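Student: I need the structure of the sequence given here:
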Amino acid sequence: MTAPLVTILDDEPEIRSMLADALEDAGFRTMSFSRATEFEAALKSHTPDVCLVDLGLPDRDGLTLVHRLALEQGAAVIIISGRAQVQDRVTGLELSADDYIIKPFDPAEVVARVRVRLRRDRAAPQSASDTARFNGWTAHFNRYTLENDKGEETPFSHAEGEVLRLFLESPKRLISRAHMQETLGGAAGESFDRAMDVRISRLRTKLCEDPRNPRLIKTIYGAGYIFLGDVSWT
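Tutor: Residues are numbered from 1 along each chain as shown. Down below sits the predicted model:
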């Protein structure tokens, strides 16, 4: 079995070397890049399992790149940044990053976070399929798209897909914020709550929900969420 591929995008050579050594010692394959243009060119011929992305890139806005990666690649995206403010972490998670690690960091922590992301992604789901149908919609988790009854497709990010799968695998059951945090990972607190709010809001928009009276993803204030659709996996 081929080892998972982790790409490292950071303009500091010491950090690239430190991360590559730690990840390779842990059994991962790595590819390292100092500029976004080199990284994006490599994506045409390589499919990473996890992307580690620094926000302070010399040739591209890191946050914009993170958002595009999350939507187009289907890989887990972990931000590594010296920006330690809560708002920076919130913004990164709102743009569909899966995790946010603040510099300086212990390489062992990064390895542990990568392993956690891969364990969650590869854990056997309750359903045996990557396709779920509900209320006129089809969710294709193998290509990260939502298809309506006219055959029109809308992409969703890796992070949005995690939330959607959680709902679809537990329809008509209350899902608490605590359960979401435990299942999806990340530190509990304001940044996690804000990220979940944004991901759910985006899913509602993609499902053409009325934000004032959503039919499928209902908020139970003070308790969590309930997905009210009739779900079948094929």
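Student: next up, phi/psi of the residue nearest the centre of the chain, please.
Tutor: Centroid-nearest residue in the chain, with C-alpha atoms, centre = their mean: Ala159, separated by 2.8 Å. Phi and psi for Ala159, reported as degrees, to the nearest 10, are phi -70, psi -40.
Student: what do you get for Met18?
Tutor: phi -60, psi -40.
Student: quick check: it vs Lys44, distance?
Tutor: 27 Å (C-beta to C-beta, to the nearest Å). All C-beta spots, glycine's among them, are computed from the backbone N, C-alpha and C.
Student: then Phe134?
Tutor: 34 Å.
Student: then Ile101?
Tutor: Applying C-beta to C-beta to Ile101 and Lys44 gives a distance of 27 Å.
Student: settle it for me: which of Phe134 and Lys44 has more neighbours?
Tutor: The neighbour comparison of Phe134 against Lys44 (other C-beta atoms under 10 Å) goes to Phe134, with 20 against 6.
Student: mind checking the SS state of the closest residue to that one other than its chain neighbours?
Tutor: Nearest residue to Phe134, sequence neighbours excluded (C-beta to C-beta, 6 or more residues apart in numbering): Gly229, at 3.9 Å. Taking DSSP: H, G, I helix; E, B strand; the rest coil as the rule, one finds Gly229 in the coil state.
Student: who's in contact with Gly229?
Tutor: Phe134, Asn135, Trp137, Leu168, Pro171, Leu216 (C-beta atoms under 8 Å, 6 or more residues apart in numbering).
Student: buried among the residues you listed? Need that as a selection in PyMOL.
Tutor: Command for PyMOL that selects the buried part of the contacts of Gly229, burial taken from 16 or more other C-beta atoms under 10 Å:
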select buried, resi 134+137+168+216
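Student: from the contacts of Gly229, which is closest to Arg113?
Tutor: Proximity of these to Arg113 (C-beta to C-beta) peaks at Leu168, which lies at 25.6 Å.
Student: any idea which element that closest one lies in?
Tutor: helix 158-169 (DSSP states H and E).
Student: quick one: contacts of the next helix or strand after that helix?
Tutor: Sequence-wise, the next helix or strand downstream of helix 158-169 (DSSP H and E) is strand 174-176. If you take C-beta under 8 Å, 6+ apart as the criterion, strand 174-176 is touched by Leu166, Phe167, Ile220, Ala223, Gly224, Tyr225, Ile226, Phe227.
Student: thanks a lot, catch you later.
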